[in-house]
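Asker: coords please:
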Amino acid sequence: MKSGSPSRPARSSRAVKLCGTEQPDGVGRVLRAGPLAVELDNGNLRYLRVAGIEVLRGLAFLVRDENWGTYVPTLSKLVVEQRDDGFSVRYRADCQRASQSISYEARIEGRGDGSLSFTGTATPATDFLTARTGFVVLHPLKGVAGHAVEVEHTDGVVETSTFPALVDPVQPFLDLRSLTHEVMPGLKAIVRMEGDTFEMEDHRNWTDASFKTYVRPLARPWPYTLKAGEAVRQSVSMSLVGSAPREGKGGDDKAVEIVLGKATGHRMPAIGLGMPAREIDAAIASLDLLKQVAPRLLICQFDRREGHGYKQLQGYRRLCEETGAECELEVVVKSLVAFDVELANIASWVRDAGLRLSALAVCPVGDLKSVLPGGIRPPAPPLADLYRAAREAFPGVRLGGGMFSFFTEFNRKRPPAELLDFAHNSTCPIVHAADDRSVMDTLDALPFQVQTARSFIGDTDYRIGPSAIGCRDNPHGKTFTPNPDNERLCLVNSDPRQRGLFAAAWTLGYAASLAATGVEAVCFGAPTGPLGIIHRPGDSKLPYFDALGRSAVYPAFHVVAGLTRAAGAALVDARSSNDARVRCLAYRTEGATLLWLANMTAREQSVSVAHRGVNPFGIVLDEVSFDQATTQPAVFEANVKPLDIHKLSLSAYAVALVCINDR
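Answerer: So this is what the prediction gives:
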């Protein structure tokens, strides 16, 4: 550019506006076989339905690395045949990295009676290190959780049982050969698995909306090595027993109806943010924007292994005082024996820094990593002794315990809640799948997690977060999955969708899923950084935002900023006729109801709101308003206008905030 020439304004593509990346996330091809409809997605099957009712959430042959990251295979020789009486699919898939590779041949057959078979034969070209290579079968939650299932084991024994209603911390069923459940009155589905011993885990532990049956029992060592040239062959079949009507007509073109009712008796939880130590300087540099968000709570990380000390505590003090946020200090405890001395020293530094704590959360180092069922837990101090030492070091400060990682670990090592003022855990939606629909589907599992937590923490207050789309930690492996190309990948710290409209819709859906469960606080990822809502330059290229040359925010900024103002507001019963397409959240303010709507899909959605108020007005965060919302947040939020919510159109991942006045 010549000196003195005007700079060009940054331009964002539609893909970047929606999901922060140019990587496509296409919908698969629908195939039909008699009453069965399935979606073929990069060689695997999703959303297997009979008469519009979901029988299986997914059926896939997967290859995972030693850190449980899932390879995205390269397909070749793909042949798909759709016939009048069924369909067939065959292909070759290759998975490789610098030093090792594996390929597999797959064949899928769908028949006119609705039956299905899927075979996979994997052959490593080199010795191949993996945490799992083989089939995964996903049963959905609706019509399944808490319902009957007939289980056939590998020894031929058949038992009648139920899919768990509460989230099972380990494996509901072991040594599996087949599972049979009722799809609808008069129709059952039998899923049979061959080629190895299968078992089931409750995927809701990781917020996946499914029960997962998988190959290779977790009691066997992992990661393990597949020897070069030695083939692994497995198969899964599904058959229907009973009367199976043809698939009903879908309702995707019908407007989603939102019905507003009366106050529920519940209150909006406090909304906060995580405060990673590495983001202190960036957060301070963005204080003007962070003050607009006005988080009710900052969860401030403190880990002596990372060199955290007095300097970080001073930074937390400034951030909390400037924003008015309460400070929860999240302390990783290193010592197995002298933890009382360690906590006393930290308390001294807190006092010297002048940091006022509203809460303290403690977790031993040994509890930071996931332990598979039956595995040996790393050494950690007894929690009762640790909590006693924490109260002695921080008298009068509310004490929290649980896990800094996922609900999985919280459910598997349940703290003595009677010794705590609150319990806590975080979540992450990209542990097992990273496509857009799977991430949105995880919202369905959140209420199950709260219900399960209540079964063992009782009336103890419960906080969830900090949570974002990306992982704040990877308790299942040594590190995060690298993401140099800004893609949708499992177990990454930097997920591109955090910067797009997608994250705004997901954030609203997350809050809406938890608001009525009675949780005390919901905290999102961070002010800045890969889990944040305010832009800062990253370690890799960030499309559009890096080209702005000035401060900017991500779309989720506006959702978090709006929700922080609602703490303690009376929740209003708000119901969506299809919350997989549009989620809603409503609460009362003086003389009005505030209604949030979020399109959870990549398709435009028509919405109709039934209400008794007058003169609805608000703002819509979408592709049209994206540039202003990200670069002029105050101007965007002031740009309210009348909205016809009897007939409202929301474009892909759009979020609307509507104020409905009383008569």
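Asker: got a pLDDT number for R97?
Answerer: pLDDT, R97: 86.
Asker: pLDDT score assigned to A219?
Answerer: Looking at A219, its pLDDT is 87.
Asker: who's in contact with it?
Answerer: 373-374 (Cβ atoms under 8 Å, 6 or more residues apart in numbering). Heads up, the C-betas are built off the backbone N, CA and C, glycines and all.
Asker: if we go to 10 Å?
Answerer: For A219, the contacting residues are 171, 174, 197, 199, 372-375, by Cβ atoms under 10 Å, 6 or more residues apart in numbering.
Asker: could you do L75 as well?
Answerer: By Cβ under 10 Å, 6+ apart, L75 lies in contact with 42-43, 91-94, 106.
Asker: kindly reformat the residues you listed as CSV containing neighbour count, secondary structure and distance to Y310.
Answerer: Listed next are those as CSV, based on neighbours: other Cβ atoms under 10 Å; DSSP: H, G, I helix; E, B strand; the rest coil; distance: Cβ to Cβ, whole Å:
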residue, neighbour count, secondary structure, distance to Y310
N42, 16, coil, 50
G43, 20, coil, 54
Y91, 19, strand, 58
R92, 15, strand, 58
A93, 24, strand, 53
D94, 15, strand, 52
A106, 21, strand, 57
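Asker: F406 versus the residue positioned nearest the centre of the chain, what's the distance?
Answerer: By Cα atoms, centre = their mean, the chain has its centre lying nearest to P429, at 2.0 Å. Plainly put, P429 is 11 Å away from F406 if you go by Cβ to Cβ, to the nearest Å.
Asker: okay, and the common contacts of the two?
Answerer: Applying Cβ under 10 Å, 6+ apart, one finds that P429 and F406 are jointly contacted by 206-207, 467, 471.
Asker: got JSON lines for those residues, with distance to T264, neighbour count and pLDDT too?
Answerer: Formatted as JSON lines, those follow (distance: Cβ to Cβ, whole Å; neighbours: other Cβ atoms under 10 Å; pLDDT from 0 to 100):
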{"residue": "W206", "distance to T264": "29", "neighbour count": "25", "pLDDT": "97"}
{"residue": "T207", "distance to T264": "24", "neighbour count": "28", "pLDDT": "97"}
{"residue": "S467", "distance to T264": "23", "neighbour count": "25", "pLDDT": "98"}
{"residue": "C471", "distance to T264": "33", "neighbour count": "28", "pLDDT": "95"}
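Asker: ok, so of those residues, who is nearest G69?
Answerer: Checking the shared contacts of P429 and F406 against G69 by Cβ to Cβ gives C471 as the nearest, at 10.9 Å.
Asker: name the element that closest one belongs to?
Answerer: Assessed by DSSP states H and E, C471 sits outside every helix and strand.
Asker: for the residue lying closest to it once chain neighbours are set aside, list the residues it contacts.
Answerer: Once flanking residues are discounted, C471 sits nearest to C428: 4.8 Å by Cβ to Cβ, 6 or more residues apart in numbering. Each residue near C428 by Cβ under 10 Å, 6+ apart is listed here: 206-207, 405-407, 439, 442, 467-475, 490-493, 495, 525, 531.
Asker: keep only those of these that are in helices.
Answerer: Here DSSP state H is the test, and the contacts of C428 give 407, 439 as lying in helices.
Asker: now do the phi/psi pair for R391.
Answerer: Backbone dihedrals for R391, given as degrees, to the nearest 10, come out at phi -70, psi -40.
Asker: how about P140?
Answerer: For P140, the backbone dihedrals (degrees, to the nearest 10) come out as phi -70, psi 180.
Asker: so it versus H181, what's the distance?
Answerer: Relative to H181, and taking Cβ to Cβ, P140 is found at 10 Å.
Asker: need the overlap of contacts for the two.
Answerer: In contact with both P140 and H181: 55, 211, using Cβ under 10 Å, 6+ apart.
Asker: so who does the closest residue to V620 other than its chain neighbours touch?
Answerer: Spatially, and ignoring its direct neighbours in sequence, V620 is nearest to A656 (4.7 Å; Cβ to Cβ, 6+ apart). Listed by Cβ under 10 Å, 6+ apart, the contact set of A656 reads 508, 582, 584, 595-599, 607, 609, 618-622, 643, 645, 648, 650.
Asker: just give the number of residues close to Y554.
Answerer: 26 (other Cβ atoms under 10 Å).
Asker: which ones are touching it?
Answerer: Contact analysis of Y554 by Cβ under 10 Å, 6+ apart lists 20, 497-501, 503-504, 507, 528, 532-535, 542, 545, 560, 629-630.
Asker: do the same with A526
Answerer: A526 makes contacts with 273-276, 278-279, 282-283, 298-299, 301, 466, 468, 470, 472, 498, 532-534, as judged by Cβ under 10 Å, 6+ apart.
Asker: W349 belongs to a helix, doesn't it?
Answerer: Yes - with DSSP: H, G, I helix; E, B strand; the rest coil as the criterion, W349 is located in a helix.
Asker: gap between it and A503?
Answerer: Distance of W349 to A503, given as Cβ to Cβ: 35 Å.
Asker: which of these two has more neighbours?
Answerer: A503 (30 against 17).
Asker: before we move on, back to that, of the contacts of A526, grab the buried ones for ChimeraX.
Answerer: Buried residues among those (16 or more other Cβ atoms under 10 Å), as a ChimeraX selection:
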select :273,274,275,276,279,282,283,298,299,301,466,468,470,472,498,532,533,534
